[in-house]
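Engineer: Fold the following, please.
(chains A and B)
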Amino acid sequence: MTKRLYIVVVGCGRLGSILANRLSREGHWVVAMDQNPATFNDLSPDFSGFRVEGDATRRAVLQEAKLGQADVVIATTHDDNVNLMVAQVAKGLFQVPQVMARVFDPRREQVYTQLGIPTICPTSVAARMLFDMVADGPDQREGASS
Amino acid sequence: MKVILAGQGTALFFLGRAFIAKGHEVVIINRDPAECALLARRLKAAIIQGDASDGRTLKEAGAMGADAVLAVTPHDQDNLVIGQLAGLEYGVPRVIALANDPDNAEVFEKLGLIAFSTTHLIASLIEQRASLDQVTNLLPIGEGRVNVTELVLEERSPAAGKSLGELNLPENALVAVVLRDHKPIIPRGPTIIRPGDRLVLITLPENHGPVLKRFTNET
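Structural biologist: As a prediction, the model looks like this:
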């Protein structure tokens, strides 16, 4: 563990809660944000970060999470457009150095990669992995289970 | 002009109707199938059911050849992405996005869109209507950075019978037009304004109040 980072995870669903738990366990300052407070139940008992309940497309909510001080913002809500907006606002208005957005739609991924917003598209990632597995043939399957 | 409107609800219907009435070619994108059926029956416009923040829907709506796209859905994140896709992917020259949260108007502008906030517009209208009876019209321009106000000069006005020069208006304020007996006069320093004159004022938000006070009885 080199440096302790201030990380805001927007969207505390399946992916967001895994990230928040893990980053918190690794010793980072983590803020988990979601509109629906019930999602905070997915945070593990040893999650030591903060919880912010609210709509991440509202600037007041982002200010409450002190986005201006964040080193990293990860947008993982279930809505592509929310993620793209949060990432751009974090980068453009709050000057967050590292910003990432999860985007389901591969087409949107392309457009926003051009705009300089790093995106992860689970569809593209899964497709690539599956493609590689097919290309590698039936003997190489162990690597995929991690 | 070919205009694509993306949104929902009654505002979308009336907006579409207004553009059609002015002779524009209108394409409407709406997510809701029931609303689409209704719009198709009531408007002479192409109606597309779908998510306008999906590039394929914009393409189907003919974004490639559109002159303007208006993103007026109730969700700011959708309006932002619709606007950006229209501008970046399809090169639509004029893209206007509604900021439902008034704070987001500034966000949108910083991210390169033309934004408007109905909250800002309505609030400033109400403010003017409610505070002064004789102020009959107000139009904020440039995201509210410039106000255009129309007012009728009353008998009791401290400015009645004075020349513009005498009024000594603050800097960055202007009486653009005086309408007297339905005739427009472009006033200069020596022009004397009279009760019953209809004045069109151009002000900035920071001097709007003080300028109005010179023309009304408010103290």
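
Engineer: Buried residues of stretch B:63-77, list them for me.
Structural biologist: For stretch B:63-77, the neighbour count (16 or more other Cβ atoms under 10 Å in any protein chain shown) marks B:63, B:66, B:68-73, B:75-77 as buried. In this view, the C-beta of every residue, glycine as well, is placed from N, C-alpha and C.

Engineer: same deal with stretch A:122-140?
Structural biologist: A:Ser124.

Engineer: Equivalent analysis for stretch B:30-37, please.
Structural biologist: For stretch B:30-37, by 16+ other Cβ under 10 Å, it's B:30-31, B:35-36.

Engineer: Centre of the chain to the helix-or-strand element of chain A with minimal mean pLDDT, how far?
Structural biologist: One helix or strand of chain A scores below all others by mean pLDDT, DSSP states H and E: helix A:106-114, with a mean of 85. Chain-centre distance of helix A:106-114: 16 Å, with Cα atoms, centre = their mean, to the nearest Å.

Engineer: Quick one: residues in contact with it.
Structural biologist: For helix A:106-114, contacts defined as Cβ atoms under 8 Å, 6 or more residues apart in numbering or on different chains pick out A:80, A:84, A:87, A:101, A:103, A:119, A:121, A:123-124, B:53-56, B:81, B:84-85, B:88-89.

Engineer: now, which of the buried residues of stretch B:63-77 sits nearest chain A?
Structural biologist: Closest approach between those and chain A, by Cβ to the nearest Cβ: B:Gln77, at 3.9 Å.

Engineer: Can you name every helix or strand that the next helix-or-strand element following the least confident helix or strand of chain A contacts?
Structural biologist: For helix A:106-114, the succeeding helix or strand toward the C-terminus, using DSSP states H and E, is strand A:119-120. Where contact means 3 or more Cβ pairs under 8 Å, 6 or more residues apart in numbering or on different chains; DSSP states H and E, strand A:119-120 is packed against strand A:98-102, helix A:106-114.

Engineer: CSV for those, including mean neighbour count and distance to B:Phe116?
Structural biologist: Putting the helices and strands packed on strand A:119-120 into CSV (neighbours: other Cβ atoms under 10 Å in any protein chain shown; distance: least, Cβ to Cβ, whole Å) gives the following:
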stretch, mean neighbour count, distance to B:Phe116
strand A:98-102, 21, 26
helix A:106-114, 17, 24
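
Engineer: hang on, the earlier thing: contacting chain A as well, which ones from the buried residues of stretch B:63-77?
Structural biologist: B:75-77 (Cβ under 8 Å from any Cβ of the partner chain).
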